[in-house]
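Trainee: when you get a sec, could you give me coordinates for this:
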Amino acid sequence: MAERGTALGSRENPAPLGAAVRTRIERGDRYSAPEVYNLEITLVEVVRGKEARDRIEGQSVAGRPRAGFEYVLCCVRVGYFSKARGFAHSGEKFEVSPEHFAAMAGDGGAEFERPVLSRQPDHALIGTSLAVNESREGWIVLEVAEGGKASLIFRREYEANQYGVWGALWFQLA
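Mentor: Presented below is the predicted three-dimensional model:
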C-alpha cells in the first residue's frame, strides 16, 4: 500500500496495469536552452513465463532465458506531447531506446540484465520514433527471476536537470 501523497508511478507506488502515468522529459543539449516535453506511459499488457517464451519462439527470435529466469513481454504505450516549457524546435522526435526500460527485482534492490535476443518481437516499441503529439504501442522483452515479483521502470533521459531531479517511473509487473 502506498503512503498517502505518494505519486503514482513512484517506487513506493508503482502504477498498475492500464494506468497512464504522465511525466516530463527534458530535451536539448548543453549549448541551448532545454525544452521540456510531456510523456504519458501506460503498461497495457504483461505476459510472463511459458506463454511469453512461446510467443517469442513463435516469431523466431533467437535466445533463451538464463537458468532461473523467465521472459516477460510488456506491451507499453508511449505518448509524446507538445512541450511544456522551452523554445520550439520543429521536428524534435522522441526515440524509444533500450536504455529507457528495465526490469527491477520486486524490492527495487537489483536491476535484471536485458535478455540477449537477435531482435525484438514484432510490433516492438524499442527503436521507434515518435513525433510530437503521437502515441505508439509496442512490445518490450525483459528477463526476470522465475515466479518472483518484479517492476518495470522507465528512465527519463536526464535525471538531474535545471527543473529538478526526475527519477524513474515504476510499473507493477507482478
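Trainee: CA atoms for contacts and neighbours, from now on please.
Mentor: Fine.
Trainee: which residues touch the closest residue to residue 22 other than its chain neighbours?
Mentor: In space, and not counting its chain neighbours, residue 22 is closest to residue 40: 4.4 Å by Cα to Cα, 6 or more residues apart in numbering. Listed by Cα atoms under 8 Å, 6 or more residues apart in numbering, the contact partners of residue 40 are 20, 21, 22, 23, 77, 78, 79, 80.
Trainee: please name the bridge partners of the last one.
Mentor: With DSSP bridges applied, residue 80 shows beta-bridge pairing to residue 39, residue 134.
Trainee: what's the neighbour count on it?
Mentor: When counting by other Cα atoms under 10 Å, one arrives at 23 neighbours for residue 80.
Trainee: same check on the first one?
Mentor: Residue neighbour count, defined by other Cα under 10 Å, stands at 19 for residue 20.
Trainee: next, find the distance separating it from residue 79.
Mentor: Per Cα to Cα, to the nearest Å, residue 20 is found 10 Å from residue 79.
Trainee: now swap in the third one and tell me
Mentor: Summarising the geometry, the distance separating residue 22 from residue 79, computed by Cα to Cα, is 9 Å.
Trainee: intersection of neighbour lists for the two?
Mentor: Shared contacts of residue 22 and residue 79, counting by Cα under 8 Å, 6+ apart, come down to 39, 40, 41.
Trainee: so what pLDDT did the second one get?
Mentor: Okay, so that is residue 40. In this model, residue 40 is scored at 95, pLDDT.
Trainee: show me where the protein has its strands.
Mentor: Secondary structure of the chain (DSSP state E): strands at 20-27, 35-48, 69-85, 94-95, 101-105, 129-130, 134-145, 150-154, 160-161, 164-165, 169-172.
Trainee: by mean pLDDT, show me the worst of the ones you listed.
Mentor: Across these, the lowest-scoring stretch is strand 160-161, with a mean of 46.
Trainee: so for residue 163, what's the pLDDT?
Mentor: Reading off the confidence values, residue 163 has pLDDT 51.
Trainee: rewinding a little: could the strands of the chain be laid out in JSON lines, adding distance to residue 9?
Mentor: Listed next are the strands of the chain as JSON lines, based on distance: least, Cα to Cα, whole Å:
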{"stretch": "strand 20-27", "distance to residue 9": "6"}
{"stretch": "strand 35-48", "distance to residue 9": "10"}
{"stretch": "strand 69-85", "distance to residue 9": "14"}
{"stretch": "strand 94-95", "distance to residue 9": "20"}
{"stretch": "strand 101-105", "distance to residue 9": "14"}
{"stretch": "strand 129-130", "distance to residue 9": "22"}
{"stretch": "strand 134-145", "distance to residue 9": "18"}
{"stretch": "strand 150-154", "distance to residue 9": "9"}
{"stretch": "strand 160-161", "distance to residue 9": "18"}
{"stretch": "strand 164-165", "distance to residue 9": "15"}
{"stretch": "strand 169-172", "distance to residue 9": "5"}
